[in-house]
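[1] Need coordinates for the following:
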Amino acid sequence: MNRQELADLIFPDAKEISYYEEKYPERDLPEGAVVTRFAPSPTGFVHIGALEQCIVETSLVKKSGGVLILRIEDTDQKRKIENGVQGIVDSMKDFDIVFDEGMVSETESVGAYGPYIQTQRKEIYEAYAKYLLVNDKAYPCFATEEELADLRKRQEEAKIDNIGYYGEWAMYRNLPIEEAAARIANGAPYVIRFKSMGKPDGRITHKDMVKGKVEMPQNMLDIVIIKGDGLPTYHFAHAVDDHLMHTTHVIRSSEWFPSVPLHLELFRALGFKAPKYCHYAPMLKSEAKVDENGSVITDENGEPVTFKRKISKRKDPEAAVSFYHKEGIPAESVKEYLMTVANSDFEMWRKNNETADLYEFPFALKKMSSTEGALFDMDKLIDVSKNVIATFSAKKVYEDVYAWAERYDEVLLGMLKDREYSLKVLGIERGAEIKKKRKDIGRWSDVRDYISYMYDDQFDGQYDYQLISDKETLKEIFTLYAEEYYNPADDSAQWFERMKDLAERIGYAREVKIWRKAKDEWPGHVGDVSTAIRVGVTGRRNTPDLWQIMQVMGPERVKARLALALEQLS
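    Have a look, this model is predicted:
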């Protein structure tokens, strides 16, 4: 018996690899076009790091006229969850990530290079595994769990540096073909292993698109490429898939970097041209160290001692992209923040290109962090989000807030039912003509509290008086303003002139600069008076432009609020 006959015994129905080479021809794309893929497993929620990867990939693909593929790597059937593919598709849609090819639902796909689910590509993997068997680059391995455990024990006792199945430790690597065939014929369970040509002291030189030129040890492990259930391992499947889908760039977290020697050897053994690998540092999180009792450890200054770790699916709610939708952080804000993480010069570019599309930024792989990842910073994300939301029109804010409230906030939804009024409320200090935009809203979950004073059924009747707190003075201000100085027909300048007149009437400085020159002569200035009215109308000291607020509220509501404030003071 020869290798061809053994391969025919193992994979009797496998086609020649030439069939697939012809079926999936080279793509007709512009020179330099990037073809890359997002290849998650349907085993749970989408990680924030995966979203960063997709933003990077989208940027490269858009600029080069390339292709972005959604490929599902589901060979680990034990961890697969129900509707896992749909969850991935929906999560990416939430962030406006559009794939050119691949899965568009749990069962549907688009593109000519599918199937895009690995378990549906089983016959393809069999063809290439058979090719390796025929060419003495793979072999059937019958090692049991007990044998593998014993092998590891003997390696540890011998203090071997490289623990694993390889070379002289690979007990079935050189099994005679006839014996292997006999075992298979008798129903013995087996896997197919790759026959590595790597040496313990061998080295390779590799150019990573992020890390640059690096030297690494050769792969020497005879890894499993086809499992006992007939499905491929990730290492083997990704090599076959990336070749047939003509992937030019593999963009992934640096935790995969140690696999590069193995992956390059697989590509060589299969006769494939390897894609360009791009390994970037994953985002980290800072956490306080604790002692055995769970108490935070502090330094000599009483500050917590911290350490950095990867964002954890198990520990950190912000690891899941769904977290940001529940919080009401717009997709645009999250993507902006992740781009600042991916390329440090993005923030300066954004300052100079306030209205440009995110993907117009000249993204560069070489500017990604290759060693230590950036710390995830929720405060920074919210600051970025405030800047992003400040650029939104009132209509967009209303529509996005309304959609969020439908899912997460019934009270806010009720407030927004009056569309015309709510559009005016959300339009205060908002619009392209506003040079200095107000940046109070960082997430939609902030909006209810932010605008509640504008709605009578939400107004709490609490007053945050400040510099003017004397009840009689406040009564005088509210009474005079309501009866003599308030004119809803005034424009902003006229409105403020009347405010100055009122301040002067009750003995306060008409101008702030006048008060500053002779503070002892005045109890306060026009700003203090307008603040008192602001509190009387809204209950708050800090709000957007008071004139705009009163214009939106209308005269009936303004006078009713002042009357309510007077009633409270009495």
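[2] Just want to check the distance between residue 250 and residue 291.
    Noted for residue 250: a distance of 42 Å to residue 291, by Cβ to Cβ, to the nearest Å. C-betas here are computed from N, CA, C, even on glycine.
[3] just residue 272 next, same as before
    For residue 272 relative to residue 291 (Cβ to Cβ), the value is 52 Å.
[4] Looking at those two, which one has more neighbours?
    residue 272 (15 against 8; other Cβ atoms under 10 Å).
[5] Just give the nearest non-adjacent residue to that one, would you?
    residue 243 (4.3 Å; Cβ to Cβ, 6 or more residues apart in numbering).
[6] Can you spell out which helices and strands pack onto the helix or strand hosting the one you found?
    Assigning secondary structure by DSSP states H and E places residue 243 in helix 234-244. Applying 3 or more Cβ pairs under 8 Å, 6 or more residues apart in numbering; DSSP states H and E, one finds that helix 234-244 contacts helix 122-134, strand 224-226, helix 260-270.
[7] Could you export the ones you listed as JSON lines, including mean pLDDT and mean neighbour count?
    Shown next, in JSON lines, are those (pLDDT from 0 to 100; neighbours: other Cβ atoms under 10 Å):
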{"stretch": "helix 122-134", "mean pLDDT": "98", "mean neighbour count": "22"}
{"stretch": "strand 224-226", "mean pLDDT": "98", "mean neighbour count": "24"}
{"stretch": "helix 260-270", "mean pLDDT": "98", "mean neighbour count": "20"}
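[8] With respect to residue 434, which of those lies nearest?
    helix 260-270 (50.9 Å; Cβ to Cβ).
[9] Return the list of strands paired to the next helix or strand after the closest one, each annotated with direction.
    Toward the C-terminal end, the helix or strand that comes next after helix 260-270 (DSSP H and E) is strand 276-280. Counting by DSSP bridges, the strands paired with strand 276-280 are strand 249-253 (parallel).
[10] got the angle for the strand it pairs with vs helix 260-270?
    Counting by axes from the mean of the first three to the mean of the last three Cα atoms, to 10 degrees, strand 249-253 lies at 150 degrees to helix 260-270.
[11] can you map out the strands along the stretch 101-250 of the chain?
    Assigned by DSSP state E, counting those that start in this stretch, the stretch 101-250 of the chain shows strands spanning 101-103, 109-110, 138-141, 191-194, 203-208, 212-217, 224-226, 249-253.
[12] Residue 528 is nearest to which of those strands?
    strand 249-253 (55.7 Å).
[13] Assign a three-state SS to residue 37, would you?
    Assigned with DSSP: H, G, I helix; E, B strand; the rest coil, residue 37 falls in the strand class.
[14] An error on my part: the question was meant for residue 301.
    Per three-state DSSP, the secondary structure class of residue 301 is coil.
[15] neighbours around the residue nearest to residue 272, how many?
    By other Cβ under 10 Å, the burial measure for residue 243, its neighbour count, is 21.
[16] Please renumber the chain so that the first residue is 494 from this point on.
    From this message on, residue numbering opens at 494, which makes the last subject residue 736.
[17] thought it was touching residue 761?
    No. Using Cβ atoms under 8 Å, residue 736 is not in contact with residue 761; the gap is 11.7 Å.
[18] So for residue 800, what pLDDT did the model give?
    We have a pLDDT of 83 for residue 800.
[19] Could you give the bridge partners of it?
    Assessed by DSSP bridges, residue 800 has beta-bridge partners residue 780.
[20] Figure out the length between the terminal residues of stretch 641-661.
    Start-to-end span of stretch 641-661 (Cα to Cα, to the nearest Å) is 14 Å.
[21] Repeat that for stretch 924-931.
    For stretch 924-931, the first and last residues are 10 Å from each other (Cα to Cα).
[22] for it, which positions count as buried?
    Neighbour counts over stretch 924-931 (16 or more other Cβ atoms under 10 Å) mark residue 930 as buried.
[23] ok, residues contacting that stretch?
    Contacts with stretch 924-931, where a contact means Cβ atoms under 8 Å, 6 or more residues apart in numbering, come from 883, 884, 886, 887, 921, 922, 923, 1037.
[24] And for stretch 1024-1042?
    921-922, 931, 933, 946-947, 952-961, 966-967, 970-971, 974, 985, 988-989, 992, 1023, 1043, 1046, 1051, 1054-1055, 1058.
[25] Try it again at 7 Å.
    Contacting residues not belonging to stretch 1024-1042 are listed as 921-922, 931, 946, 952-953, 955-961, 967, 970-971, 974, 985, 988, 1023, 1043, 1051, 1054-1055, 1058 [Cβ atoms under 7 Å, 6 or more residues apart in numbering].
[26] With stretch 719-738 instead?
    513, 517, 530, 562, 564, 566, 568, 606, 611-612, 615, 617-618, 621-622, 682, 684-685, 716-718, 743, 752, 755-756, 759-760, 763, 765, 768.
[27] still on that earlier bit, any chance of a PyMOL selection covering the buried ones in the contacts of stretch 924-931?
    Burial among the contacts of stretch 924-931 is assessed by 16+ other Cβ under 10 Å; the matching PyMOL selection reads:
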select buried, resi 883+887+921+922+923+1037
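[28] Among the contacts of stretch 924-931, which one lies nearest to residue 831?
    Among the contacts of stretch 924-931, and counting by Cβ to Cβ, the member closest to residue 831 is residue 884, at 17.6 Å.
[29] Now do the contacts for the closest one.
    With Cβ under 7 Å, 6+ apart, residue 884 has these contacts: residue 847.
[30] From residue 958, how far off is it?
    34 Å.
[31] swap in residue 684?
    On the measure of Cβ to Cβ, residue 684 and residue 958 end up 77 Å apart.
[32] Kindly report the same for residue 573.
    In terms of Cβ to Cβ, residue 573 sits 60 Å off from residue 958.
[33] do the same with residue 883
    29 Å.
[34] Surely residue 858 touches residue 769?
    No. Residue 858 is beyond contact range of residue 769, at 8.9 Å (criterion: Cβ atoms under 7 Å).
[35] Of the two, which one has the most company?
    When residue 858 and residue 769 are compared for neighbours, residue 858 comes out ahead with 20 against 15, by other Cβ under 10 Å.
[36] who touches the more buried one in this structure?
    Neighbouring residues of residue 858 by Cβ under 7 Å, 6+ apart: 702, 703, 771.
[37] swap in residue 1063?
    Counted by Cβ under 7 Å, 6+ apart, residue 1063 has zero contacts.
[38] Can you give me the pLDDT of it?
    Residue 1063 is assigned a pLDDT of 84 by the prediction.
[39] cool, and residue 1040?
    On the pLDDT scale, residue 1040 is placed at 97.
[40] how near is it to residue 1027?
    Taking Cβ to Cβ, one finds residue 1040 at 10 Å from residue 1027.
[41] need the longest helix for this structure.
    helix 541-557 (DSSP state H).
[42] Tell me how far the helix or strand following that one lies from the chain's centre.
    Using DSSP H and E, the helix or strand that follows helix 541-557 in sequence is strand 560-563. Centroid displacement of strand 560-563 relative to its chain, using Cα atoms, centre = their mean, to the nearest Å, is 17 Å.
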